[in-house]
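K.L.:
pasting the sequence and the predicted model now:
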Amino acid sequence: MEKIIVSGGNRLQGTVQVEGAKNSVLPVIAASIMASEGKSTLTQVPELADVDTISEVLRYMNINVLRDETNLYIDASNELKTETPFEYVRKMRASVLVLGPLVARYGHAKVAMPGGCAIGSRPIDQHLKGLEAMGAEIHVGNGYVEAFAPDYLKGARIYMDFPSVGATENLIMAAALADGTTVIENCAREPEIVDLANYINQMGGKVVGAGTETIRIEGVKKLHGVEHAIIPDRIEAGTFMVAAAITEGDVTIEGAIPDHLRSLIAKMKEMNVEIEENDNNVRVIGPKTLKPVDVKTLPYPGFPTDLQAQLMALAIKANGTSVFTETVFENRFMHLEEFKRMNAKGKIEGRSAIISGPADLQGAEVAATDLRAAAALIITGLVAEGKTTVTELYHLDRGYVNFEGKLRSLGADVERVVEETDEIEQVTAEVKKSLAKAK
Ligand SMILES: CC(=O)N[C@H]1[C@@H](OP(=O)(O)OP(=O)(O)OC[C@H]2O[C@@H](n3ccc(=O)[nH]c3=O)[C@H](O)[C@@H]2O)O[C@H](CO)[C@@H](O)[C@@H]1O
Ligand SMILES: C=C(OP(=O)(O)O)C(=O)O
């Protein structure tokens with residue numbers, strides 16, 4: 001098993017480059033399914049486990065997908081399968097994003113139901129309600145969701161119960177090839193939604209209003225492949241901003257778009273962090289003393305749930321009591337128990353976590369509970385006394401490219417090691433070897 005070992009005490013200094021956004025490239029790759037002509041070339045694609053997983057999904061469907069470092073070449077002009085098996089959804093919930101594009105192009109899709117994950121049940125009722133409004137017949141059973149639209153989808157007016165990111169993306173894609181115009185109200189406004197809309201419009205689609213609470217999509221007959229550059233990952237950028245601040249460092253995050261980070265910048269300034277905004281980067285200088293902060297996670301442009309664990313790490317070092325309220329997911333404070341193993345002080349009350357700082361952080365063995373918690377625990381290890389070991393790194397690799405290497409380039413004492421297999425595993429391996437010889 002792999003683990004990351006980080007030794008506390010080093011200030012981070014220098015420049016780090018942000019990758020393309022995981023939460024943009026996944027829906028964009030899903031949308032490429034709708035290109036019945038031509039090929040798509042996606043650039044600034046992050047080399048993440050989730051990108052490999054969704055690429056496997058597309059190959060299963062008979063789509064040609066080739067990767068060359070941060071470029072992805074997709075040719076969906078073949079006749080495609082309209083089903084995807086559980087094995088992919090098990091690895092990555094975002095596989096459900098192929099539902100909308102498949103129903104839009106073929107009038108049929110059968111996709112394994114995405115289970116929940118550690119942070120919550122994460123149902124897809126909003127996705128299905130919108131597809132039904134566009135005329136799809138939905139069957140759920142045996143762990144699968146199947147959508148039928150033999151006369152293809154029709155434009156509709158859809159009011160979302162709340163601004164679900166994935167549901168907004170699935171419905172934009174479904175509407176792009178529907179017959180007529182669709183209006184989606186109370187939809188998500190994330191920058192990744194705007195990036196998806198831009199890609200679909202480059203393909204020949206007609207999407208207007210992305211980034212606002214109402215999006216209007218005029219269905220077209222067909223879409224074609226295009227070249228598209230993925231926007232920078234605001235969550236990775238924010239993660240490195242916190243890493244700089246917590247170590248009293250001085251780091252420039254190249255590629256960060258300040259306008260995508262307004263809520264984090266505001267909260268970090270409240271905590272006495274110095275932040276310099278430039279067109280294509282953000283410079284962060286961490287203070288000797290941090291002030292506490294109150295944060296409530298909300299749909300964009302509110303404070304992002306994906307930066308909650310990271311800012312909590314910073315609050316653990318602040319002089320005073322901070323309150324974090326998580327309104328997006330029902331179970332996204334599991335990292336607090338791991339922080340407490342490092343001598344952090346905090347407790348959960350309902351949907352809020354109360355953090356009492358500053359803590360005298362001690363290195364410990366901790367386990368990642370989701371991909372953002374993984375990053376937050378490593379960041380906390382940067383300022384703990386002694387060594388911190390972080391396991392369950394498959395979480396981290398879903399959302400960060402070479403996280404420990406980038407931290408090392410900024411001066412951190414951090415390495416990824418492969419844990420020696422334990423005795424039972426070693427004995428098992430030896431027995432297997434002997435049996436093989438005996439045959
Ligand atoms: C690949 C990707 O882009 N992932 C992001 C996306 O996830 P995802 O698209 O899954 O997040 P949603 O915005 O859909 O979910 C927000 C909340 O709504 C609930 N919900 C969602 C859909 C639905 O039909 N019914 C329902 O109840 C979810 O369980 C969750 O509690 O947005 C989240 C919220 O910004 C981010 O944390 C994730 O990083
Ligand atoms: C929750 C996240 O991603 P996903 O929706 O892919 O699980 C995240 O990026 O923090």
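P.N.:
That came through fine. Ligands and ions are numbered 1, 2, ... in the order given.
K.L.:
name the residues of the stretch 51-200 of the chain found near ligand 2, please.
P.N.:
When proximity is defined by CB under 6 Å from any ligand atom, the stretch 51-200 of the chain lies next to ligand 2 at Arg93, Ala94. In this view, the C-beta of every residue, glycine as well, is placed from N, C-alpha and C.
K.L.:
the stretch 51-200 of the chain: helices as residue ranges?
P.N.:
86-91, 99-106, 125-133, 165-176, 191-202 (DSSP state H, counting those that start in this stretch).
K.L.:
so His335: helix, strand or coil?
P.N.:
Counting by DSSP: H, G, I helix; E, B strand; the rest coil, the backbone at His335 sits in helix.
K.L.:
hmm, back to that, for the helices of the stretch 51-200 of the chain, give me TSV that also has mean neighbour count, mean pLDDT and distance to Leu264.
P.N.:
Below are these laid out as TSV (neighbours: other CB atoms under 10 Å; pLDDT from 0 to 100; distance: least, CB to CB, whole Å):
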stretch	mean neighbour count	mean pLDDT	distance to Leu264
helix 86-91	17	81	29
helix 99-106	26	97	30
helix 125-133	20	97	26
helix 165-176	28	98	17
helix 191-202	23	98	13
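K.L.:
redo the ones you listed as JSON lines? Include distance to Gly386.
P.N.:
Below are the helices of the stretch 51-200 of the chain laid out as JSON lines (distance: least, CB to CB, whole Å):
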{"stretch": "helix 86-91", "distance to Gly386": "35"}
{"stretch": "helix 99-106", "distance to Gly386": "48"}
{"stretch": "helix 125-133", "distance to Gly386": "46"}
{"stretch": "helix 165-176", "distance to Gly386": "39"}
{"stretch": "helix 191-202", "distance to Gly386": "38"}
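K.L.:
number of residues surrounding Lys347?
P.N.:
Counted by other CB atoms under 10 Å, the residues lying close to Lys347 total 12.
K.L.:
next: Gly225.
P.N.:
When neighbours are defined as other CB under 10 Å, Gly225 has 23 of them.
K.L.:
surely Lys81 touches Leu58?
P.N.:
No: the pair Lys81 / Leu58 is not scored as a contact, 10.2 Å apart, by CB atoms under 8 Å.
K.L.:
these two: who's more crowded?
P.N.:
Leu58 (23 against 13).
K.L.:
wait, what's in contact with His127?
P.N.:
Val96, Leu99, Gly100, Ser164, Gly166, Ala167, Asn170, Leu171 (CB atoms under 8 Å, 6 or more residues apart in numbering).
K.L.:
closest one of the residues you listed to Glu192?
P.N.:
Comparing these against Glu192 with CB to CB places Gly166 closest, at 10.3 Å.
K.L.:
about what we covered before: now, among the contacts of His127, which is nearest to ligand 2?
P.N.:
Gly166 (7.4 Å; CB to the nearest ligand atom).
K.L.:
how far away is that closest one from Ile5?
P.N.:
35 Å (CB to CB, to the nearest Å).
K.L.:
number of nearby residues for Leu371?
P.N.:
The number of residues packed near Leu371 is 27, by other CB under 10 Å.
K.L.:
leaving out the residues flanking it, which one is nearest to the residue in the chain positioned nearest to ligand 2?
P.N.:
Residue nearest to ligand 2 within the chain (CB to the nearest ligand atom): Asp306, separated by 3.9 Å. Nearest residue to Asp306 in three dimensions, chain neighbours excluded: Ile235, at 4.6 Å (CB to CB, 6 or more residues apart in numbering).
K.L.:
and if you look at Leu171?
P.N.:
Closest residue to Leu171 apart from its sequence neighbours, by CB to CB, 6+ apart: Gly130 at 4.2 Å.
K.L.:
pull the number of nearby residues for Ile265.
P.N.:
Ile265: 20 neighbours (other CB under 10 Å).
K.L.:
surely it meets Pro258?
P.N.:
Yes: contact criterion CB under 8 Å: Ile265 and Pro258 qualify, at 6.6 Å.
K.L.:
between these two, what contacts are shared?
P.N.:
Glu277, Val282.
K.L.:
show me what contacts the residue nearest to Glu218 when sequence neighbours are not counted?
P.N.:
Nearest residue to Glu218, sequence neighbours excluded (CB to CB, 6+ apart): Lys206, at 3.9 Å. By CB under 8 Å, 6+ apart, the residues touching Lys206 are Ala176, Ile217, Glu218, Gly219, Val220.
K.L.:
SS state for the closest residue to Glu365 other than its chain neighbours?
P.N.:
With CB to CB, 6+ apart as the measure, Thr389 is the residue that lies nearest to Glu365, at 4.6 Å, once sequence neighbours are left out. The three-state label given to Thr389 by three-state DSSP is strand.
K.L.:
can you get me a residue count around Thr389?
P.N.:
Neighbours of Thr389 (other CB under 10 Å): 17.
K.L.:
contacts only, for Leu177.
P.N.:
Met34, Ala104, Arg105, Tyr152, Leu153, Gly219, Val220, Lys221, Lys222, Leu223.
K.L.:
tell me the spacing between it and ligand 1.
P.N.:
21 Å (CB to the nearest ligand atom, to the nearest Å).
K.L.:
look up phi and psi at that residue.
P.N.:
Phi and psi for Leu177, reported as degrees, to the nearest 10, are phi -120, psi 10.
K.L.:
how close does Ser7 get to Leu382?
P.N.:
For Ser7, the distance to Leu382 - CB to CB - is 9 Å.
K.L.:
okay, and the common contacts of the two?
P.N.:
Looking at what touches both Ser7 and Leu382 (by CB under 8 Å, 6+ apart), the common residues are Val414.
K.L.:
between these two, tell me which one has more neighbours.
P.N.:
Leu382 (26 against 17).
K.L.:
what is the burial count for Asp259?
P.N.:
11.
K.L.:
pretty sure it sits in a helix.
P.N.:
Yes: assessed with three-state DSSP, Asp259 lies in a helix.
K.L.:
any idea how far it lies from Ile231?
P.N.:
Taking CB to CB, one finds Asp259 at 11 Å from Ile231.
K.L.:
could you do Gln362 as well?
P.N.:
Counting by CB to CB, the gap from Gln362 to Ile231 is 39 Å.
K.L.:
and if you look at Glu79?
P.N.:
Taken as CB to CB, the span from Glu79 to Ile231 is 32 Å.
K.L.:
and those two? which has more neighbours close in?
P.N.:
In this view Glu79 and Ile231 are compared by other CB under 10 Å, and Ile231 has more residues nearby, 23 against 9.
K.L.:
for the more buried one, phi and psi?
P.N.:
phi -70, psi 160.
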